[in-house]
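Engineer: Next input, structure requested:
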Amino acid sequence: MVEKVRAIAQEIEPTLKEIRRQIHRHPERGFQEHETAKLVLARLKRLGIRVRDKVGQTGVTGLLGGKGGGKTVGLRADMDALPIQEHSRNPYKSQISGMMHACGHDAHVACLLGAAEILARLDIEIPGSVKFLFQPNEEDVPSGALAMIEAGVLDRPRVDVLIALHVDPETPCGKIGIRAGAMLAEARDFAIRILGRAGHGAHPHQAIDAIVAAAHFVTQLQSIVSRRVDPLEAAVVSVGEIRGGHADNIVADQVELKGTVRCLNSRLGDELVRALEAVLQGVTSAAGAQGQIQWTQGCTALVNDPKVTKAIHRAATQLYGSDAPHPHIPQSMGGDDFAYFLQRVPGAIFLLGTNDGSERTSYPLHHPQFDIDEKALTVGAAVMAQTALNLLLEG
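Structural biologist: Numbering: from 1, shown residues only. Got it, this is the predicted structure:
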């Protein structure tokens, strides 16, 4: 059976490339993945898989098997793109200005459709069900995963275990990366407004300079991780946006900042929130300004189930040899709202290596020149299909 899974995956490689490129040419933001959803629906229907659309707004599900009871294995891919202008000469570059699949979700959809075709073409009766989840809006809030959960995607039939993948430009093509336990970070985003008092740039003593207060605040933030967090724990505090001022001769009365806090457990997350708020209070008080802060809870920490992690590791080894699972995959401060699924169902996400050693495939995620070695598509499809098959056959 392993040989057949690998053979079908290799046979459909040109199809998976074309699917990925079609989606890459036409990227869509979260909850706007209408054309991507249409493509997914058409492919699933062609395979004889029962489908539902508009699940959590623009999500799609497919169900294979389910006639003889047994467990249900879920396989998930996210579909949304990012507001990034692509800088590429590829013939399949984005045709939508200011929009790009810079996080590989086009590849995720292609891999999951590939896994669906592999399982649909196997000449066996699957002892259970496989549910395919094509999720909207992973990149933004409100979470597309939560939208699908609220729409009942984990029920009818109840999903017993859930698997996902994410492309990784740091892992060689042909290999996967996975680890048990906490793998990806929880994220809490902040929006801050520092309020001062406007005045003439020639008379700063008559004003309260919000820009100076904001500068001190950003500088002081750098000491939170270095001086308030155990060096053996991982944490990140980053400011990604700052806006303030209207003219070169006016003291700014207001500055807005946005950023993110990342760590691998909620206890430390709470401590980071308190520390950041204390810095804001101290800096603004010293400057005679006021500080306002609003928090947005991003995804929670993503924790891989040890048993499911072993199942993915085993499938990759069966298909591509003992060196296919890449050793020593580190934890990451990146986040993924797949974590919300894993709070409710045991499961795991694995990294799909997409780097062929060239500069083209070495750009990081969210880079305007991000691209992948498309040979990875067959690996992702096969590993997902083989893992699902193993879990179902083992009962």
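
Engineer: In the stretch 51-200 of the chain, where is pLDDT below threshold?
Structural biologist: 66-68 (pLDDT under 70).

Engineer: Counting neighbours, what do you get for E359?
Structural biologist: Applying other C-beta atoms under 10 Å, we find 8 residues neighbouring E359. Where C-beta positions appear, they are placed from N, C-alpha and C, glycine not excepted.

Engineer: who touches V229 in this structure?
Structural biologist: Counting by C-beta atoms under 8 Å, 6 or more residues apart in numbering, V229 makes contact with A235, L268, E271, L272.

Engineer: Narrow those to those in helices?
Structural biologist: Taking DSSP state H, the ones among those that sit in helices are L268, E271, L272.

Engineer: sorry, back to before: right, and the pair among the contacts of V229 with maximum separation?
Structural biologist: By the measure C-beta to C-beta, A235 and E271 form the most distant pair in the contacts of V229, at 8.9 Å.

Engineer: which of the contacts of V229 lies closest to A348?
Structural biologist: Of the contacts of V229, the one sitting nearest to A348 (C-beta to C-beta) turns out to be L268, at 22.4 Å.

Engineer: Restricting to C-alpha, output the biggest strand by length in the chain in CSV.
Structural biologist: Longest strand in the chain by number of residues (criterion: DSSP state E): strand 161-172. Provided in CSV are the C-alpha atoms of strand 161-172 (Å, rounded to 0.1, in the frame of the first residue of the first chain):
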residue,chain,number,x,y,z
VAL,A,161,-7.6,13.2,15.0
LEU,A,162,-6.4,16.1,12.9
ILE,A,163,-3.3,16.6,10.7
ALA,A,164,-1.9,19.7,8.9
LEU,A,165,1.3,20.8,7.2
HIS,A,166,3.2,24.0,6.6
VAL,A,167,5.8,24.7,4.0
ASP,A,168,9.3,25.4,5.4
PRO,A,169,12.0,27.1,3.4
GLU,A,170,14.6,26.2,6.0
THR,A,171,14.0,22.4,5.6
PRO,A,172,15.4,20.6,2.5
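
Engineer: who does that strand pair up with?
Structural biologist: strand 72-78 (parallel), strand 347-355 (parallel) (DSSP bridges).

Engineer: Reformat the ones you listed as JSON lines; add mean neighbour count.
Structural biologist: Shown next, in JSON lines, are the strands paired with strand 161-172 (neighbours: other C-beta atoms under 10 Å):
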{"stretch": "strand 72-78", "mean neighbour count": "27"}
{"stretch": "strand 347-355", "mean neighbour count": "26"}
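
Engineer: Chain neighbours aside, what residue packs nearest to I84?
Structural biologist: Spatial nearest neighbour of I84, excluding adjacent residues (C-beta to C-beta, 6 or more residues apart in numbering): M100 at 4.4 Å.

Engineer: Near D305, how many other residues are there?
Structural biologist: D305: 17 neighbours (other C-beta under 10 Å).

Engineer: Quick check on it: phi, psi?
Structural biologist: The phi/psi pair for D305 (degrees, to the nearest 10) reads phi -70, psi 130.

Engineer: and the closest residue to it other than its chain neighbours, how many residues sit next to it?
Structural biologist: Distances taken as C-beta to C-beta, 6+ apart place P346 nearest to D305, at 4.0 Å, with adjacent residues excluded. Neighbour count for P346, taken as other C-beta under 10 Å: 16.

Engineer: cool, and L63?
Structural biologist: With other C-beta under 10 Å as criterion, L63 counts 17.

Engineer: quick one: what helix or strand has it in it?
Structural biologist: According to DSSP states H and E, L63 maps onto strand 59-65.

Engineer: related to what we said a few turns ago, looking at A235 and E271, which one has more neighbours?
Structural biologist: A235 (22 against 18).

Engineer: Distance to I163 added to the ones in helices among the contacts of V229, as CSV?
Structural biologist: Listed next are the ones in helices among the contacts of V229 as CSV, based on distance: C-beta to C-beta, whole Å:
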residue, distance to I163
L268, 28
E271, 32
L272, 31
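
Engineer: re earlier: what residues does the residue nearest to D305 make contact with?
Structural biologist: D160, V161, L162, D305, K307, V308.

Engineer: do the same with R76
Structural biologist: Residues in contact with R76 (C-beta under 8 Å, 6+ apart) are L112, F132, L133, F134, Q135, L162, I163, A164, F338, F341.

Engineer: Repeat the analysis, applying 6 Å as the threshold.
Structural biologist: L133, Q135, A164 (C-beta atoms under 6 Å, 6 or more residues apart in numbering).

Engineer: Any quick PyMOL command for the buried ones out of those?
Structural biologist: With 16 or more other C-beta atoms under 10 Å as the criterion, this PyMOL line picks the buried residues out of the contacts of R76:
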select buried, resi 133+135+164
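
Engineer: Adding distance to L392, write the contacts of R76 out as a markdown table.
Structural biologist: Listed next are the contacts of R76 as a markdown table, based on distance: C-beta to C-beta, whole Å:
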| residue | distance to L392 |
| --- | --- |
| L133 | 16 |
| Q135 | 22 |
| A164 | 17 |
